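In: what's the 3D shape of this:
(chains A, B and C)
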Amino acid sequence: MSTDTPRDQPRKLFLLSAGYNGTSGKAYLKLLDPRRQEIVIWNDPTGHQPFCYSRESVEKLKQDERLTQAGAIGFLRESKFDLMEDKPIEVTKIVASDPLAVGGRAGSIRELVEAWEADIPYHLNYIYDRGLVCGMPYRVQRNDLIPLVADRKRIDSIVEELFAKEPDEERREIRNWMLLLEADQPEIKHVSLDIEVVSPVSTRVPSPGRAEDPVVSVALRGSDGLKKVLMLKRDLGGELLSGLPFTVQLYENEKDLLKETFNTIESYPIVATFNGDDFDLPYLRNRAERVGVERSAVPVLVGRQGASLKRGIHLDLYRLFFNKSMQIYAFNNAYRENTLEAVGQGILGRGKVEIEKPIAQLNLRELACYNFGDAELVHSLLSYHNDLVLRLLVVLCRISKLTIEDVCRQGVSGWIKNLLFYEHRARGYLIPRSEDILKVKDVTSTKAIIEGKKYRGAIVVKPVPGMHFDVTVLDFASLYPSALKEWNLSYETVRCPHLDCRGNRVPETSHWICTKRKGLQSLLVGSLRNIRVAWYKPKSSDEHLPEETRTWYSVVQRALKVFLNASYGVFGARIFPLYCPPVAESTAAIGRHAFSRAIEKARELGVKVIYGDTDSIFLETDKNLVRMLIDWAARNLRLDLEIDKVYRYVVFSTRKKNYLGVTTSNVVDVKGLTGKKRHVPIFIKKAFDDMVEKLRNVRTPEDLAEARREIEDVLRDWYHKLNHREFSLEDVSFHVMMSRAPERYVKTTPQHVKAARKLRDQGLSVSAGDIISFVKTRGREGVQPLQLARKEDVDVDKYMEYLESTFDQVLDTLGINFKSIKGISSLEDFF
DNA sequence: ACCTCTGGCTGGATAT
DNA sequence: ATATCCAGCCAG
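Out: This is a model prediction of the structure:
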């Protein structure tokens, strides 16, 4: 570990990460010097081990011999505020002054205390206790870090202008958030890395643990323009390695290749990979050890959580893009699978370099191109749209108070947990243990529709089947966050201890809400919502601003959206440390209440309600009545009802969550229909898309007859192709994800698992998370994995059935009869 | 091993 | 033959 001191450092440094040194137990910070683009490691003089709080007395703690014998433990009495009891409390902090005295490694105090099972609410990490926030700029002053928040005068005037009507407490909160979010952003140099390993045994999957096969190629792509592939010299025939868009360096031995790789990545503050946590970095590390690179020259650290770097920051984009919240809210569902290929195609519109042979059979030139292609793709994912992903990470750090690496690794519940814990610490609140909350609040009073769920969720209105022209869709703007905000929901305010609050009931439930104290979660969600709606959302589409500034606002806007959308669900999740079922239940109940009142009102106004789901209402109407409804909601529900879109027409069957609509801007929305699902064969998707294309052009009821004829033609065409086997096996393959390992399906054996087992019998490895491609075949099992299928075996009748049911979801409401088309088509074939 | 939630649809497997 | 369960994918 470096012993850099901050004495001679430049004025501004960005905090990127923090942790404990595994052997010394000393706290350290990783800061970026933006001018030199180097990481400065600061061994924090004030840093100490994690410590714990207890409601128990100091005396009891001191009497425990296991603690005192471990030595060097201090006890500190401190005043905290217990939110659940709504009163101050004296707690005891256990502090390790010297971690080596209690076992010699970081975290041992925590383990000790947990083993002892004391009445301990929570351990702390020093970085949060000090209030440091990763992603923020700092100034070093007299051996300490001073945050460089945004210009206070500017923020004050914004807050004054936009949030004048908010109560003081909310306004203070908003101001603090703005000071963080509007602070300077770092420019960070980065390098993307990808390695290739070739095994002499063709079926062997390279294991990073054993690292028995050589690293034959390492591709590096830097934000400073670096484009390089380091390759092991192998006798594969004379290939031309010039004329490539990157440079190639050949190495006689692997040791030198690895050393050069390490040298390069050490000169960048950020190293990005795709799945580097589980493959590239551990492989490099273990391989280096195997071929005799000295320890000190290997910058990679492999921990339980993933791989990191001694000096720099490692970003595994696989983990980040795998995160569901990121997928949906930050990247707008642009990709649906978690492979580099799928993410690249979805976000950038291009994928990996195509190869026809297995990697082991590529010549050097082909291998170099393939390898560099991956590094280039990772680089593009990190840097497209003016480093959008990197900026997003920085914003997520500022909101969650996690380090950049932890934002990548943890899910959204981890982000919210950390944010809430930080806010507790910052305010001197006691962090309750899960048992403490559940002792009083493990209560629900509604019955879920779906068997086995904990409480009742949203309402879905039965659609009016048929085709509807000129339909307006109204949407409650962030309904659940608004419910949390307006109804003061938080784990401490729902079913609070005060008798006088019991009358303040949540509709449809047995819960009451505190009337004396503002709930922490409500305050946070409310402020973040206000900031997003009043500042970042409008700024992100403000045409007067330069493109770059707009991008920044849109990044923050999206990051806020991720937090807001997840802030309801986590309270209903067992694993969440502040799990509180009545909070989740109340949120949903308030949502239902507002939703059904709006629908009642619409009907009262004489507006026809076609459909509705959770927070959206489909209305067949006139504009004036819509306006009236919106005004009514603002006045009576204190919620923003907005026009989301207007459909020229929508087609509904009797099914909920299933419809097709064409908006006034000619966009076709297909929701929930089989033809759009991921696992469906492309053959059926294409047929479906052809039909959708015909429907796009329908403008009036009169156009329908024409479209109907065209669709019948389309169907006949596809039917004919199927009947004459004019398709490839890929065309008719289903693609279904295995959520667990094949042997763990015990209750039933679904088709994709049958296919997976056949693959495994062939010696191929299949594991949880893999997407299995299979074809429906004739014969007893009815299924064959794509790799083993033969065209003659395809069960055409089954596909016909599937095609039929896919189309029927739309056709029966359009008055098209699939059966008759089938009849005509087979008649033609007959003659 | 992974994990924010509930509601709703589908086809195939399995029990009756 | 029919009902129910299981598993996957999707809407919000």
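In: What helices and strands are in contact with the strand or helix carrying A:Arg139?
Out: Using DSSP states H and E, A:Arg139 sits in strand A:137-141. For strand A:137-141, the packing partners by 3 or more C-beta pairs under 8 Å, 6 or more residues apart in numbering; DSSP states H and E come out as strand A:12-20, strand A:144-147. Quick note: C-beta positions are derived from backbone N, CA and C, even for glycine.
In: Which among those is found nearest to DNA strand B?
Out: Judged by C-beta to the nearest atom of the strand, the one of the helices and strands packed on strand A:137-141 that comes nearest to DNA strand B is strand A:12-20, at 20.0 Å.
In: what angle sits between the very next helix or strand once past that closest one and strand A:137-141?
Out: Proceeding N to C from strand A:12-20, the next assigned helix or strand is strand A:27-33, under DSSP H and E. Strand A:27-33 and strand A:137-141 meet at an angle of 110 degrees, taking axes from the mean of the first three to the mean of the last three C-alpha atoms, to 10 degrees as the criterion.
In: and A:Glu451, how many neighbours?
Out: For A:Glu451, the neighbour count with other C-beta atoms under 10 Å is 5.
In: what about the stretch 551-700 of chain A, any weak spots by pLDDT?
Out: Within the stretch 551-700 of chain A, no range satisfies pLDDT under 70.
In: in which helix or strand would I find whichever residue of it sits closest to DNA strand B?
Out: Nearest residue of the stretch 551-700 of chain A to DNA strand B: A:Gly569, at 1.6 Å (C-beta to the nearest atom of the strand). Secondary structure from DSSP H and E places A:Gly569 in helix A:547-569.
In: go on, A:Ala756?
Out: Using DSSP H and E, A:Ala756 falls in helix A:751-761.
In: ok, now which ones touch the residue nearest to A:Ile313 when sequence neighbours are not counted?
Out: The shortest distance from A:Ile313 to any residue other than its chain neighbours is 5.0 Å, reached at A:Ile270 (C-beta to C-beta, 6 or more residues apart in numbering). Counting by C-beta atoms under 8 Å, 6 or more residues apart in numbering, A:Ile270 makes contact with A:Ile188, A:Lys189, A:His190, A:Val191, A:Gly312, A:Ile313, A:His314, A:Leu315, A:Leu390.
In: who's A:Ile270 bridged to?
Out: Under DSSP bridges, the beta-bridge partners of A:Ile270 are A:His190, A:Ile313.
In: isn't A:Thr493 right up against A:Trp512?
Out: No - between A:Thr493 and A:Trp512 there is no contact, the gap being 9.4 Å when judged by C-beta atoms under 8 Å.
In: More neighbours: which of those two?
Out: A:Thr493 (27 against 21).
In: contacting residues around that one?
Out: By C-beta under 8 Å, 6+ apart, the contact list for A:Thr493 reads A:Ile513, A:Cys514, A:Arg517, A:Lys518, A:Gly519, A:Ser522.
In: Local confidence estimate at the second one?
Out: Listed pLDDT for A:Cys514 reads 97.
In: And the residue nearest to A:Cys580 when sequence neighbours are not counted, how far from A:Ala458?
Out: Distances taken as C-beta to C-beta, 6+ apart put A:Tyr491 closest to A:Cys580, at 4.0 Å, once the chain neighbours are dropped. As judged by C-beta to C-beta, to the nearest Å, A:Tyr491 and A:Ala458 stand 22 Å apart.
In: and what of A:Gly569?
Out: Separation of A:Gly569 from A:Ala458 (C-beta to C-beta) stands at 12 Å.
In: Can you get me a residue count around A:Asp194?
Out: Look at A:Asp194: counted by other C-beta under 10 Å, it has 28 neighbours.
In: helices or strands up against the helix or strand where it lies?
Out: Element membership for A:Asp194, per DSSP H and E: strand A:190-197. If contacts are counted by 3+ C-beta pairs under 8 Å, 6+ apart, strand A:190-197 sits against strand A:215-222, helix A:254-266, strand A:270-273, helix A:281-291, helix A:364-400.
In: now those as TSV including distance to A:Ile684 and mean pLDDT?
Out: Putting these into TSV (distance: least, C-beta to C-beta, whole Å; pLDDT from 0 to 100) gives the following:
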stretch	distance to A:Ile684	mean pLDDT
strand A:215-222	38	97
helix A:254-266	46	97
strand A:270-273	36	96
helix A:281-291	40	95
helix A:364-400	30	94
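In: Need the ones you listed in a markdown table (columns: distance to A:Ala534).
Out: As requested, these are exported to a markdown table (distance: least, C-beta to C-beta, whole Å):
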| stretch | distance to A:Ala534 |
| --- | --- |
| strand A:215-222 | 39 |
| helix A:254-266 | 43 |
| strand A:270-273 | 33 |
| helix A:281-291 | 43 |
| helix A:364-400 | 17 |
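In: Ok, which of the ones you listed comes nearest DNA strand C?
Out: helix A:364-400 (20.2 Å).
In: could you check whether the closest one is close to DNA strand B?
Out: No - Helix A:364-400 is not in contact with DNA strand B by C-beta under 7 Å from any atom of the strand; minimum separation 13.1 Å.
In: can you give me the offset of the following helix or strand past that helix from its chain's centre?
Out: Downstream of helix A:364-400, the next assigned helix or strand under DSSP H and E is helix A:404-409. On the basis of C-alpha atoms, centre = their mean, to the nearest Å, helix A:404-409 sits 11 Å off its chain's mean C-alpha point.
In: Helix A:404-409 packs against which elements?
Out: strand A:12-20, strand A:313-316, helix A:317-322, helix A:364-400, helix A:412-427.
In: which of those is buried the deepest?
Out: strand A:313-316 (a mean of 26; mean count of other C-beta atoms under 10 Å).
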